[in-house]
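> sharing a model that was predicted from the sequence below.
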Amino acid sequence: MTPLQLFLQQLLNGLTLGAIYALIALGYTMIYGVIQLINFAHGEVFIVGAYLALTVLLFLAPMELPWWVLLLACGVGATGLCALLGWSIERVAYRPIRKAPRLNALITAIGMSFFLQNALMLIYGATDRQFPSLIPLVRWQMGGVSMTLMQLVVWISGAVLMLGLQVLVMSTKLGKAMRACAQDLTACALLGVPVNRIIAVTFMIGSALAAIGGMLFGLNYGTINFHDGYLTGLKAFTAAVLGGIGNIPGAMVGGLVLGMLEALGAGYLSSQWKNVFAFVILVVLLLFKPTGLLGERVAERA
């Protein structure tokens, strides 16, 4: 493989990983944008989505349905249940302490993260779970660079969901209410906007996107573990900061950039150090451009 072919191959691999990071990062940035909370349990919601998709897949596998029908069924099942989980987390863990000091919310988020992680371990076991090869192994070669059907599914799914979210936020009544709440929750409440409902819907949408990311993660890598959500969630948070926390297009760009940088680092340096790259990027970014690549959309509230 020539140096150019290696570079292009790593870029394609990075785009696949980056699309998954972007889907998770959108949840972080949406929740922060509306209520200024870093939901550290979001990574666990992502891996819950992967386990739920696996459960639906194993349940439907004996029916011998077409692979794309199984894929849609897994996606619908995982997103619906994770949306319900996101609503429950907001209602039970965060809403009662919304007006408390931010440190309280941060500790609650970390506690919820550990709760979900250990619940997964108790329900599904501590060992790796194999994800069946649902998508056919189809590979195309172009100029010495290979692309698989799995990668194509990830790219198309990510693009459709990210563009759909952008349209929802910018062109619908719900999106207008979400953007208004991001500016001033108190003023929105005084004007009759159902603030609690908008915040709950924001959690549900973010959790649903994370569930799709979890399903694609499991299909792409073939195995999942209950602690995968912790590290992947931190990387997705890095992607949200990289693009500009509170900025939806920034989360998309940040996820793709982070995925490509990680793939290039693993290809040219060492795959054993790939997890270091994300956090080195985060440190450098916080030092030199703390508002992210596209800037922070939401002004800091006192």
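Good, I have the coordinates.
> surely residue 20 and residue 216 touch.
Yes: between residue 20 and residue 216 a contact is recorded at 5.5 Å, counting by C-beta atoms under 8 Å. (Each C-beta comes from the backbone N, C-alpha and C, glycine too.)
> for those two, list the residues in contact with both.
Common contacts of residue 20 and residue 216 (C-beta atoms under 8 Å, 6 or more residues apart in numbering): 154, 158.
> please enumerate the helices of the stretch 1-150 of the chain.
Using DSSP state H, counting those that start in this stretch, the helices found in the stretch 1-150 of the chain span residues 3-35, 42-60, 67-89, 102-124, 149-171.
> got CSV for those, with mean neighbour count, distance to residue 238 and mean pLDDT too?
Output for these, formatted as CSV (neighbours: other C-beta atoms under 10 Å; distance: least, C-beta to C-beta, whole Å; pLDDT from 0 to 100):
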stretch, mean neighbour count, distance to residue 238, mean pLDDT
helix 3-35, 23, 8, 91
helix 42-60, 25, 11, 95
helix 67-89, 19, 21, 95
helix 102-124, 15, 16, 92
helix 149-171, 16, 18, 93
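> for those helices, which one sits closest to residue 292?
helix 3-35 (9.6 Å; C-beta to C-beta).
> next, the angle from that closest one to helix 67-89.
Interaxial angle of helix 3-35 relative to helix 67-89 (axes from the mean of the first three to the mean of the last three C-alpha atoms, to 10 degrees): 40 degrees.
> packing partners of helix 3-35?
The contact analysis (3 or more C-beta pairs under 8 Å, 6 or more residues apart in numbering; DSSP states H and E) places helix 3-35 against helix 42-60, strand 145-148, helix 149-171, helix 173-183, helix 195-221, helix 228-243, helix 248-268.
> and it with helix 42-60, angle?
Comparing the axes of helix 3-35 and helix 42-60 via the same axes, to 10 degrees yields an angle of 110 degrees.
> for residue 11, which of the helices and strands packed on helix 3-35 is the nearest?
helix 248-268 (5.8 Å).
> counting by contacts, list what the closest one packs against.
Counting by 3+ C-beta pairs under 8 Å, 6+ apart, helix 248-268 packs on helix 3-35, helix 149-171, helix 228-243, helix 274-288.
> which positions in that helix come out as buried?
248-267 (16 or more other C-beta atoms under 10 Å).
> can I get that helix in CSV, CA atoms only?
Output of helix 248-268 as CSV, limited to C-alpha atoms (Å, rounded to 0.1, in the frame of the first residue of the first chain):
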residue,chain,number,x,y,z
ILE,A,248,-24.9,21.2,17.1
PRO,A,249,-22.9,21.6,13.8
GLY,A,250,-19.8,21.8,16.0
ALA,A,251,-20.6,18.4,17.6
MET,A,252,-20.9,16.9,14.1
VAL,A,253,-17.6,18.4,12.9
GLY,A,254,-15.9,17.7,16.2
GLY,A,255,-16.8,14.0,16.0
LEU,A,256,-15.6,13.6,12.4
VAL,A,257,-12.4,15.4,13.1
LEU,A,258,-11.7,13.4,16.2
GLY,A,259,-12.4,10.1,14.5
MET,A,260,-10.0,11.0,11.6
LEU,A,261,-7.3,12.2,13.9
GLU,A,262,-7.5,9.1,16.0
ALA,A,263,-7.4,6.8,12.9
LEU,A,264,-4.5,8.7,11.4
GLY,A,265,-2.6,8.5,14.7
ALA,A,266,-3.3,4.8,15.0
GLY,A,267,-2.2,4.2,11.4
TYR,A,268,1.0,6.3,11.4
